[in-house]
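1. the following comprises the amino acid sequence and a computationally predicted model.
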Amino acid sequence: MKDEQDALGHEIYDYLQGKEVVEIIERDDGFIGTSGGPAASLIPMVRSTRP
């Protein structure tokens, strides 16, 4: 995959570097909005792997 094709990878990398990240989503029904970004998906995963 080319660097410019990896939007998710850049989003996660930027988040881990401390940058503010906004993820824009579009659903099949045409709704466009923002998600919780990497924090919404990474924080629960990190918490569940800690003893």
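-> Now that the structure is in, tell me what you want to look at.
2. my reading is that residue 38 is in a strand; is that accurate?
-> No. If the criterion is DSSP: H, G, I helix; E, B strand; the rest coil, then residue 38 is helix and not within a strand.
3. distance of it relative to residue 26?
-> Residue 38 is 18 Å from residue 26, where distance means Cβ to Cβ, to the nearest Å. The way it works is simple: take the backbone N, C-alpha and C, and place the C-beta from them, glycine included.
4. got the contact list for residue 33?
-> Counting by Cβ atoms under 8 Å, 6 or more residues apart in numbering, residue 33 makes contact with 24-25.
5. can we see that at 7 Å?
-> Residue 33 makes contact with residue 25 under the criterion Cβ atoms under 7 Å, 6 or more residues apart in numbering.
6. sec struct for it, please.
-> Assignment for residue 33 (three-state DSSP): strand.
7. who are the contact partners of the closest residue to residue 38 other than its chain neighbours?
-> Once flanking residues are discounted, residue 38 sits nearest to residue 15: 4.0 Å by Cβ to Cβ, 6 or more residues apart in numbering. Residue 15 makes contact with 21, 37-39, according to Cβ under 7 Å, 6+ apart.
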